[in-house]
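In: Give me a 3D structure for the following:
(2 chains)
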Amino acid sequence: MSEIVLSVEKVVKQFTGLRAVGGADGLSFSVRRGDFLGLIGPNGAGKSTTFNLISGVLKPTEGKVSLNGTDLSGLRAQEIAGMGLGRTFQTPRAFPSLGVLDNIMVGAQNPNEGPITALLGSWRGGDAKLRERAESSLERVGLIDRRHDLVANLSGGELRMLEVARQLIRAPRILLLDEPTAGVDPSLQVRLTGLLRDLHEAGTTLIVVEHNLTFLFDLADRIVVLQNGGLLAEGEPEAVRRDPVVVSAYLGSENEA
Amino acid sequence: MTFSSLILTTLTFGAMFSVLTLSLNLQYARGGMINFGTVAYFASGAYAYAIFTQDPPSGLDQYAFGLGLPWYVGFLAAGVASLLFALITGWPTLRLRGEYLALTTFAFAEVLHSFLLNERRIGNGSVGLSNVERPDPALIGVNDMLAYAIAAVALMLMTAFFFHRLLNSPFGRTVDAVHDDETAAQAIGKDGARIRLQVFVLSAIPIGFAGALYAMITTLVAPAMFTAELTFFVWIALALGGQKTILGAILGTLALVFFQEAVGAIPFESVRAAQIAASVEEVVTGILFIIVLRWQPWERFSRRTKA
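Out: Predicted coordinates for the structure are as follows:
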């Protein structure tokens, strides 16, 4: 087995009067390098909150999250992103002031984005290379024809793909996707499936929150099921699909999965 | 006042205040920061210029420092002073948002005003510094008014160019991303607070230069010249011109200065007439302001020019 890259240890997130994540004695799970983990559970189970806790948008009330053995407690979201963690949001978040291509280019780690470089004008060469990388990211998510568009003209599904492309240009070692197929049309979903397979094969660690279980169970190596902020079940997709506890709490009937 | 001197005065003060409007435009429209202490950066520049260029104290002077250096050293010092003041005030406050930042910057400006009023060793207290040195415009063979009009326009154009170059770059792209959605920007590794500080500090430099120019024109710096009224004057100019374009900010400021100068230039026969005119001016200013905000003529014009 490969090493653990992400570990969530007894994490509790308490909002005023509400235990959003943590269940009875804190949420714990870990992810190994190159894993493809599916995170599922009913609405309100704490999936997106878990993502926010991992990526540093929220800080745990108790417990800790570690990335490559580093405790993330004192780190800010941008520092965690700088450690090679990428994420998308449940509601797609594009930058409306920027065009489609710029929305992708801004995602890259760019040594030329300081104010001094701007004044010297020495960024043009680097930007041309960046543009090529951004175009190849857009190609991978099927948005290359929209590269000169405004983000205001993109549909909800396209905005999701835009966000994925913005992470792709950063080549994160661990990528968290929050409901990537929601509102995405079937042809783009097929492309997304292929893209996630490629990333998985290339060794990227993936954690995907998804309600489209056909899509997810087909791709993931392992599934974590959350309910009321706690861990309900964990295991390989087939085992989870048959787990009577999961069936009654979330799946409803075996056939739907 | 003749028509040509009205135009020259408008150009001088309009261009000089445009530098402030352009900086506010960068901070607010692109950086999302509300700076209600603009006058403090302007005052930093003016005082730094005066202190660096004036002669050492003598007689009844209460100030302690007069370095007697050439005007260009004072001019550079003005930019540096404004930059440093922006760094000191920006560092603790730029994690604040919206109205909190507005209140804090306002408070900093009041603190500086009070400090200059009461700490006489810096600026002679309420009397101010009146021995401000300035370059002799005769050196380039023109009269004072024309020379300072040219200098103000040059400073305005350089500021516009400086900001344009700063923003049409990967840095500008990151600034826009942070302004649009800071959480999403952090998810791609951008440090929002740091980028805001960079915008804040860089945009303060031209304000300091404008302060130095103001000190040269008036040959006097005193606390009464640097009140919150000046900050709101610049904000009104920005509102008039619209916040989206560089040209809008400039046109809004020029229009506001022209209007004030034009009304001030009307000759009156009696004191009573002048008093009535002063009241009418305020009423008309209000009405014009409403009309302009409703139809945004300069913003439209500058958009059309841009397109």
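In: going forward, measure contacts between C-alpha atoms and count neighbours the same way
Out: OK.
In: longest helix in chain B, by residue count?
Out: helix B:192-218 (DSSP state H).
In: Could you list the residues of the stretch 51-200 of chain A in contact with chain B?
Out: When proximity is defined by Cα under 8 Å from any Cα of the partner chain, the stretch 51-200 of chain A lies next to chain B at A:55, A:57, A:77-82, A:86-87, A:93-98, A:102, A:106-109, A:112-115, A:118-119, A:121, A:123, A:127, A:167, A:170.
In: What average pLDDT does the longest helix of chain B get?
Out: Mean per-residue pLDDT for helix B:192-218: 95.
In: quick one: buried residues of it?
Out: Within helix B:192-218, the residues that count as buried by 16 or more other Cα atoms under 10 Å in any protein chain shown are B:192-193, B:195-217.
In: Please save the CA atoms from whichever helix or strand comes after it in CSV.
Out: As assigned by DSSP states H and E, the chain's next helix or strand after helix B:192-218 is helix B:228-241. Only the C-alpha atoms of helix B:228-241 are listed here, as CSV (Å, rounded to 0.1, in the frame of the first residue of the first chain):
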residue,chain,number,x,y,z
ALA,B,228,-11.9,65.1,5.4
GLU,B,229,-13.7,67.5,3.0
LEU,B,230,-10.9,66.8,0.5
THR,B,231,-11.4,63.1,0.7
PHE,B,232,-15.1,63.5,0.0
PHE,B,233,-14.4,65.9,-2.8
VAL,B,234,-12.4,63.1,-4.5
TRP,B,235,-15.1,60.5,-3.8
ILE,B,236,-17.7,62.8,-5.4
ALA,B,237,-15.5,63.2,-8.4
LEU,B,238,-15.2,59.4,-8.7
ALA,B,239,-18.9,59.0,-8.4
LEU,B,240,-19.5,61.6,-11.1
GLY,B,241,-17.1,60.0,-13.6
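In: Within reach of chain A, which of the buried residues of helix B:192-218 are there?
Out: When contact is defined as Cα under 8 Å from any Cα, those meet chain A at residue B:198.
In: Would you mind measuring from the residue of the stretch 201-307 of chain B found nearest chain A to residue B:105?
Out: Residue of the stretch 201-307 of chain B nearest chain A, by Cα to the nearest Cα: residue B:202 (8.7 Å). Going from residue B:202 to residue B:105 by Cα to Cα, to the nearest Å gives 16 Å.
In: same question, residue A:55
Out: From residue A:55 to residue B:105 the distance is 32 Å (Cα to Cα).
In: Now the phi/psi pair for residue 74, please.
Out: As the question left the chain open, I've gone with chain A. Dihedral pair for residue A:74: phi -90, psi 0, per degrees, to the nearest 10.
In: Can you name the helix or strand that the spatially most central residue of chain B falls in?
Out: Central residue of chain B (Cα atoms, centre = their mean): residue B:20, 3.0 Å from the mean position. If you go by DSSP H and E, residue B:20 is part of helix B:3-25.
In: what's the angle between that helix and helix B:228-241?
Out: If you take axes from the mean of the first three to the mean of the last three Cα atoms, to 10 degrees, helix B:3-25 sits at 90 degrees to helix B:228-241.
In: re earlier: isn't the residue nearest to the centre of chain B right next to residue B:207, touching?
Out: Yes - counting by Cα atoms under 8 Å, residue B:20 touches residue B:207, with 5.6 Å between them.
In: mind exporting the helix or strand containing residue B:157 as CSV, just the C-alpha atoms?
Out: Element membership for residue B:157, per DSSP H and E: helix B:144-167. Output in CSV follows, covering the C-alpha atoms of helix B:144-167 (Å, rounded to 0.1, in the frame of the first residue of the first chain):
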residue,chain,number,x,y,z
ASP,B,144,4.0,80.0,-13.0
MET,B,145,0.4,79.1,-13.8
LEU,B,146,1.3,77.5,-17.1
ALA,B,147,4.2,75.6,-15.7
TYR,B,148,2.1,74.1,-12.9
ALA,B,149,-0.7,73.2,-15.2
ILE,B,150,1.8,71.4,-17.4
ALA,B,151,3.3,69.6,-14.4
ALA,B,152,-0.1,68.6,-13.1
VAL,B,153,-1.2,67.2,-16.5
ALA,B,154,2.1,65.4,-16.8
LEU,B,155,1.7,63.8,-13.3
MET,B,156,-1.9,62.8,-14.2
LEU,B,157,-0.8,61.2,-17.5
MET,B,158,2.1,59.4,-15.8
THR,B,159,-0.3,58.1,-13.1
ALA,B,160,-2.8,56.8,-15.7
PHE,B,161,0.0,55.1,-17.6
PHE,B,162,1.5,53.6,-14.3
PHE,B,163,-1.9,52.1,-13.3
HIS,B,164,-2.7,51.0,-16.8
ARG,B,165,0.6,49.1,-17.0
LEU,B,166,0.1,47.7,-13.5
LEU,B,167,-3.4,46.3,-14.3
